[in-house]
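J.: Got a predicted structure plus its sequence, pasted below:
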4 protein chains.
Amino acid sequence: MQLGMIGLGRMGAAMVRRLSTAGQQCVVFDVQPEAVQRLQQDGIAGASSLEELVARLQRPRAVWLMVPAAVVDPTLDKLVPLLEPGDIMIDGGNSHYHDDIRRGNALAVKKLHYVDVGTSGGVAGRERGYCLMIGGEKDIVKHLEPVFTALAPGVAAAPRTTERQQDDCTAEQGFLHCGPLGAGHFVKMVHNGIEYGMMAAYAEGLNILRHANAGKASREIDAETSPLRDPQFYQYDLKLGDIAEVWRRGSVISSWLLDLIAGTLSRDGELREFAGRVSDSGEGRWTIDAAIDEGVPVPVLSAALFARFSSRGEADFANRVLSAMRKDFGGHTEKPDAPAS
Amino acid sequence: MQLGMIGLGRMGAAMVRRLSTAGQQCVVFDVQPEAVQRLQQDGIAGASSLEELVARLQRPRAVWLMVPAAVVDPTLDKLVPLLEPGDIMIDGGNSHYHDDIRRGNALAVKKLHYVDVGTSGGVAGRERGYCLMIGGEKDIVKHLEPVFTALAPGVAAAPRTTERQQDDCTAEQGFLHCGPLGAGHFVKMVHNGIEYGMMAAYAEGLNILRHANAGKASREIDAETSPLRDPQFYQYDLKLGDIAEVWRRGSVISSWLLDLIAGTLSRDGELREFAGRVSDSGEGRWTIDAAIDEGVPVPVLSAALFARFSSRGEADFANRVLSAMRKDFGGHTEKPDAPAS
Amino acid sequence: MQLGMIGLGRMGAAMVRRLSTAGQQCVVFDVQPEAVQRLQQDGIAGASSLEELVARLQRPRAVWLMVPAAVVDPTLDKLVPLLEPGDIMIDGGNSHYHDDIRRGNALAVKKLHYVDVGTSGGVAGRERGYCLMIGGEKDIVKHLEPVFTALAPGVAAAPRTTERQQDDCTAEQGFLHCGPLGAGHFVKMVHNGIEYGMMAAYAEGLNILRHANAGKASREIDAETSPLRDPQFYQYDLKLGDIAEVWRRGSVISSWLLDLIAGTLSRDGELREFAGRVSDSGEGRWTIDAAIDEGVPVPVLSAALFARFSSRGEADFANRVLSAMRKDFGGHTEKPDAPAS
Amino acid sequence: MQLGMIGLGRMGAAMVRRLSTAGQQCVVFDVQPEAVQRLQQDGIAGASSLEELVARLQRPRAVWLMVPAAVVDPTLDKLVPLLEPGDIMIDGGNSHYHDDIRRGNALAVKKLHYVDVGTSGGVAGRERGYCLMIGGEKDIVKHLEPVFTALAPGVAAAPRTTERQQDDCTAEQGFLHCGPLGAGHFVKMVHNGIEYGMMAAYAEGLNILRHANAGKASREIDAETSPLRDPQFYQYDLKLGDIAEVWRRGSVISSWLLDLIAGTLSRDGELREFAGRVSDSGEGRWTIDAAIDEGVPVPVLSAALFARFSSRGEADFANRVLSAMRKDFGGHTEKPDAPAS
């Protein structure tokens, strides 16, 4: 089947290559001509404008957007006038699912279809395949199955779940029609919320391991600082790369994220190339918003999100308030800590 | 090599079977004779007393304890007088690493060796192998390598990490000498702390998905309750088993824990057989204790632990304090919520 | 000055009485005629319909709504057609500040004014006065100052802050024009977020004190439960009422909330009349939403909110997921805990 | 009554002055002679050595230690040989209550008495009085009542609690015998835990208010950053000093901590003199330790503690792990944020 792809960044370009390898025809476009040219050099059809892209697609057209969330609406504004009833827009980026519902309803008035696809897999996806969480009309999703099949990892990518009935559910292949408009990005949003929580679990645990030699450091005696009561219990110099590696086999916490960090820590146990200012791209926030709307407690997922905010200095004023209060009631002056390590 | 195993519960018995399958000789003991008999029926040497166990082992003896943490010291009290200089005690259970240090030092006076082994793998370990985190003297750990090799999953259990230098580290096989006395249980403790965090991340995320139809429920209008501002955004009836399944392939949050819960949710998306009173067996607590001693922030791991406490009703008095305050300042009376679902 | 008051519940009726005591004229209405009659018996002018209320007010009319957040819009729908340019609507309830902005802009088209007032003080407000956080047009807020002055506690209610310049700011009197449309409810929202955090701080601390005798309880020895390592350190039977009382004088944590709970705990240290299902009325949620929008970390305020959700059973499914995972990997079965206490 | 005071720092010197003003006789000592001299200049008896201090006290001697927690044991080592049966040691600092129990038991063997006093009040205590939480033997505590009465604020410092029976409990005066050895510092420890939680509640709330103008800042459009969906809702420039001030009267969140920060924010709403590296002096940590031992969930108090750790850079390595993972799976590179503000 034929697919138009708009947005040839890290994700979009790799997806096109995976689709092509699987025999799907793509016509591609990006606002940066070089991105188009790179794929053309590998025999993939490129368009130099949205008009050309639309013109080269058979009807009903299927156009996949793989652009930053903030660019989806401007792109649709230009694209929609070029489309015809029956055509299908697919948003595979990180849109907020509220926007899917709004867009889908607006497009339906024009007899255009809208499918939202939460796409997980990152830079490894070209080889490993992408996990696809899909929302939209049932028959339209069905129509796009060849595309989803080509992008997804396939059932062989993991041992089969014995409990699953051999029904017609595609979940085992790595893609799933989750529900109506927005359901794909809703599930992807929660996926990322979980991702934040898992990442933080590893990060906090590794931080404890890294400071397992805290008893070797000397501490000042003053009224401001609690002495480490039992320094003899914190005398371990642990090799984080080896530990992450050993956890990869047989342990309860083995995972793909662990596979990745085991590699990086084996290369540099200090992670010196990183400053530790951690971005968040929206889904983690929206996950907490949704939990609050639903009245569902998410102490872990929210703590993970807020740790990212704090990593970027966003707690600084709150911390100044704390220092101010400590001075106000106790006469405490801030003391410079040992350099962060 | 020959190993004595004391404690033939869920873990101990399975480990003996895995060792026997791999050609290691075991002599086994348990305070419950039937546990010994079950293994004897499969041709494994059983002892009817600690004395017999010790008598049947070649020197230097290696005796592995796989008993509840609270039973380790009483067992050692009986066992140690039977041992001779050079013998090795291995604690493979969930001891606090402080106890390892205390015990190891006490045994060293008697020229006995002590090795602490954090063991992960659960009921699947017999087939998949056990991830072993080991603390103790280097040469003693080296001496026990045949046992560790037999228990561990082996390098083939996961794709190799490309960054790892092909040194002599055993981490790739699934066992690791982490450091001196207590280092094994220290690393296992943090492993379990991470486990709590990961489990909570999945649990919270799945809870959000389960309540994605919150907009379908009607809510009363009163001053006590915030109306759901946008019920149209919470109309999804999601199939959790399918979603967990689709995440198993290609997604960033794939893991062994996810493999397990995908199976269970595919069987019963409501998890009706569980009441949700979640135990904790100590390591999660000790992880937070260690983090606090080190001054390392663990907002996620602690939130996961406290959610378990709360699941067992341990927040009840705090909640009554909140209700009392609300009545005191606002005249609010508690209202019965809709039945928990 | 003359004020119409709609909504004569716990808050509205008491505010009318305080206004009357201070010499302000009120005309009151409530959908429940008895609520009107109760105030009429004390000589306050009552109306039997919105029409009558509007008719009895001098122009420009000032009408204060003190109704549940969900009832504000329906009330405005009926009221606005009865008003004339220059009239002023005041929402003193717990509206979301987004709604203030929407309503204020819609009313401005009709040349009506809208003022949002976050009102704190609870049932004690009639005697102590109300803390008022106000948003809206500067001259309209100025016009209403006699009302605010009558409702607020006045400068004598607390020792003066030495650092404050003797400017014309009304903050010392207990009311403040915080900013344009919505600013009053925004500040009140955050006030309530802080309130949730403070309440939780007391509740958690008191819960620790209450369990200071945990070492007296016997615990089973099994692999599921961590034994209390040092029961000798948890042998205190503490009197919570006395402790809360002693903290009221001279301590860093003295506060009005503490004053209240000290009284209640002195009467019943067990708080037996409460079940511990803690409601939340919206502002706590919106505070977290705002923090997330701003990228500001709020680990404490969010933890307080989520503890309330959990108190109402909203973590139950997540907890069942945890129990299911524990059974899956470790063969752990849920054990009934000691009855919650 | 006569009291020896060892440790004339911020707290000790002020307490001596308050005692003297109330007519209690003090003999004072400090390792820094100038600290002794400053009090001698005001007519208070000073000692130039522990021996002299002991010699000048009538029997049974009462000696109050007001020194850093880490200095208590060394001081006792020197002091105890100078004492005689029946003498009383009082530790009024921030000792861990475990140490109280250990010390009290050791001193009892020598027929010396030990009283632990948690002291709250800070630099304002000299004028306002100190809140005293006391552990030890009942008759010894009774014997010291003149000292406690002089230090405590007295019943007039706050409105009386109507629910309290007019029994002989001293709580209303601002001091309380909480229970046996260690109970005073246990209650003080939890007091400080609550203090951390309350402080964090204010700090987080004020941080939200401070960023209420987030919608005025421009944000880049890229795949790394979630655009602020509704910048029109974050256009407020709020005056934090005025807001803190208005909350002091009539609001639910009025407190002494708020009184303090209202003053500081009125002077400098930016708190420019603080860097935001927030110390913790032990009790907050021990509070969480105790909660974990008891199995009591403390999500708010722990989050407050961990925010302090993070303010000192202790999350840095965890954050680098997060950045490493993001690069590993998504190819994300860290982007420099806007300067923290």
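T.: On my side now, so go ahead. Please read all numbers here as calculations on a predicted model, not as lab measurements.
J.: Identify all contacting residues around stretch A:321-341.
T.: Contact with stretch A:321-341 is made by A:217, A:222, A:224-225, C:252, D:10, D:122-124, D:199-200, D:202-203, D:206-207, D:256-257, D:260-261, D:263-265, D:271, D:274-279, D:307-308, D:311-314, D:316-317, as judged by Cβ atoms under 8 Å, 6 or more residues apart in numbering or on different chains. C-beta coordinates here come from the backbone N, C-alpha and C atoms, glycine included.
J.: List buried members of those by neighbour count.
T.: Among those, those that count as buried by neighbour count (16 or more other Cβ atoms under 10 Å in any protein chain shown) are A:224-225, C:252, D:10, D:122-124, D:199-200, D:202-203, D:206-207, D:256-257, D:260-261, D:263-265, D:271, D:274, D:276-279, D:307-308, D:311-314, D:316-317.
J.: The stretch 201-341 of chain A: helices as residue ranges?
T.: In the stretch 201-341 of chain A, the helices defined using DSSP state H, counting those that start in this stretch lie at A:240-247, A:256-267, A:283-294, A:299-311, A:316-330.
J.: Could I get the average pLDDT for the last one?
T.: In this model, helix A:316-330 carries a mean pLDDT of 95.
J.: quick check: angle from it to helix D:256-267?
T.: Computed with axes from the mean of the first three to the mean of the last three Cα atoms, to 10 degrees, the direction of helix A:316-330 lies at 110 degrees from that of helix D:256-267.
J.: hey, C-alpha coordinates of helix A:316-330 in CSV?
T.: In CSV, the C-alpha atoms belonging to helix A:316-330 read as follows (Å, rounded to 0.1, in the frame of the first residue of the first chain):
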residue,chain,number,x,y,z
ASP,A,316,15.0,27.0,42.8
PHE,A,317,12.6,29.6,44.0
ALA,A,318,10.9,27.1,46.3
ASN,A,319,14.3,26.3,47.7
ARG,A,320,15.1,29.9,48.3
VAL,A,321,11.8,30.1,50.3
LEU,A,322,13.0,27.2,52.4
SER,A,323,16.3,28.8,53.1
ALA,A,324,14.6,32.1,53.9
MET,A,325,12.3,30.4,56.4
ARG,A,326,15.2,28.5,58.0
LYS,A,327,17.0,31.8,58.5
ASP,A,328,13.8,33.5,59.8
PHE,A,329,13.1,31.0,62.5
GLY,A,330,16.4,29.4,63.3
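J.: and the angle from it to helix A:299-311?
T.: Taking the same axes, to 10 degrees, helix A:316-330 and helix A:299-311 form an angle of 90 degrees between their directions.
J.: next one: helix A:316-330 to chain centre, how far?
T.: Here helix A:316-330 is found 36 Å from its chain centre; the criterion is Cα atoms, centre = their mean, to the nearest Å.
J.: Repeat that for stretch A:89-109.
T.: Taking Cα atoms, centre = their mean, one finds the center of stretch A:89-109 at 19 Å from the center of the full chain.
J.: Indicate whether that stretch makes contact with chain C.
T.: No - residues of stretch A:89-109 are not located near chain C by Cβ under 8 Å from any Cβ of the partner chain, the shortest gap being 12.4 Å.
J.: near chain B, from the buried ones among the contacts of stretch A:321-341?
T.: Contacts with chain B within these, counted by Cβ under 8 Å from any Cβ: D:Ala307, D:Arg312, D:Glu314.
J.: So the last one versus D:Met189, what's the distance?
T.: Computed with Cβ to Cβ, to the nearest Å, the distance linking D:Glu314 and D:Met189 is 21 Å.
J.: Tell me who's in contact with A:Glu52.
T.: Applying Cβ under 8 Å, 6+ apart, one finds that A:Glu52 lies in contact with A:Phe29.
J.: Can you tell me how far it is from B:Val278?
T.: Here the criterion is Cβ to Cβ. By it, A:Glu52 lies 58 Å from B:Val278.
J.: could I get the helices of the stretch 201-341 of chain A as JSON lines with distance to D:Thr170?
T.: As requested, the helices of the stretch 201-341 of chain A are exported to JSON lines (distance: least, Cβ to Cβ, whole Å):
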{"stretch": "helix A:240-247", "distance to D:Thr170": "54"}
{"stretch": "helix A:256-267", "distance to D:Thr170": "57"}
{"stretch": "helix A:283-294", "distance to D:Thr170": "45"}
{"stretch": "helix A:299-311", "distance to D:Thr170": "39"}
{"stretch": "helix A:316-330", "distance to D:Thr170": "23"}
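J.: Kindly state which of these is positioned closest to B:Met89.
T.: Within these, the stretch nearest B:Met89 is helix A:240-247; the backing value is 22.2 Å (Cβ to Cβ).
J.: Give me the contacts around the closest one.
T.: By Cβ under 8 Å, 6+ apart, the list of residues contacting helix A:240-247 from outside reads A:206, A:209-210, A:253-254, A:258, A:261-262, A:265-267, A:269, B:120, B:131-133, B:161, B:164, B:169-172, B:174-176, B:178, B:187, B:191.
J.: Give me the phi and psi angles of whatever residue of the stretch 101-250 of chain A ends up closest to chain C.
T.: In the stretch 101-250 of chain A, the residue found nearest to chain C is A:Glu163; the distance is 10.7 Å by Cβ to the nearest Cβ. Phi and psi for A:Glu163, reported as degrees, to the nearest 10, are phi -70, psi -10.
J.: got the contact list for it?
T.: B:Gly263, B:Thr264, B:Ser266, B:Arg267.
J.: Kindly report the same for A:Ala303.
T.: A:Ala303 is in contact with A:Ala200, B:Pro299, B:Val300, B:Ala303, C:Pro299, C:Ser302, C:Ala303, D:Ala303, counting by Cβ under 8 Å, 6+ apart.
J.: just those now: which is nearest A:Asp42?
T.: When those are compared against A:Asp42 (criterion: Cβ to Cβ), the nearest one is A:Ala200, at 38.6 Å.
J.: Wait, a strand at the closest one?
T.: No - counting by DSSP: H, G, I helix; E, B strand; the rest coil, A:Ala200 falls outside a strand, being helix.
J.: Count the residues that sit near A:Val298.
T.: Applying the criterion other Cβ atoms under 10 Å in any protein chain shown, we find 33 residues in the vicinity of A:Val298.
J.: ok so, going back, most tightly packed of the helices of the stretch 201-341 of chain A?
T.: Comparing the helices of the stretch 201-341 of chain A by mean neighbour count (mean count of other Cβ atoms under 10 Å in any protein chain shown), helix A:299-311 ranks first with a mean of 30.
J.: could you give me the average pLDDT of that one?
T.: When the per-residue pLDDT values of helix A:299-311 are averaged, the result is 98.
J.: give me phi/psi at A:Gly118?
T.: As for A:Gly118, its main-chain torsions (degrees, to the nearest 10) stand at phi -80, psi 130.
J.: Just the CA atoms of the helix or strand A:Leu107 falls within, as PDB, please.
T.: For A:Leu107, the element it lies in under DSSP states H and E is helix A:97-109. Extracted as PDB, the C-alpha positions of helix A:97-109 are listed here (Å, rounded to 0.1, in the frame of the first residue of the first chain):
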ATOM      1  CA  TYR A  97      -5.300  13.300  22.600                       C
ATOM      2  CA  HIS A  98      -7.600  16.200  23.100                       C
ATOM      3  CA  ASP A  99      -6.200  17.600  19.900                       C
ATOM      4  CA  ASP A 100      -6.900  14.300  18.100                       C
ATOM      5  CA  ILE A 101     -10.600  14.500  19.100                       C
ATOM      6  CA  ARG A 102     -10.800  18.100  18.000                       C
ATOM      7  CA  ARG A 103      -9.000  17.500  14.700                       C
ATOM      8  CA  GLY A 104     -10.800  14.300  14.000                       C
ATOM      9  CA  ASN A 105     -14.200  15.900  14.500                       C
ATOM     10  CA  ALA A 106     -13.300  18.900  12.300                       C
ATOM     11  CA  LEU A 107     -12.000  16.600   9.500                       C
ATOM     12  CA  ALA A 108     -15.000  14.400   9.700                       C
ATOM     13  CA  VAL A 109     -17.100  17.400   8.600                       C
END
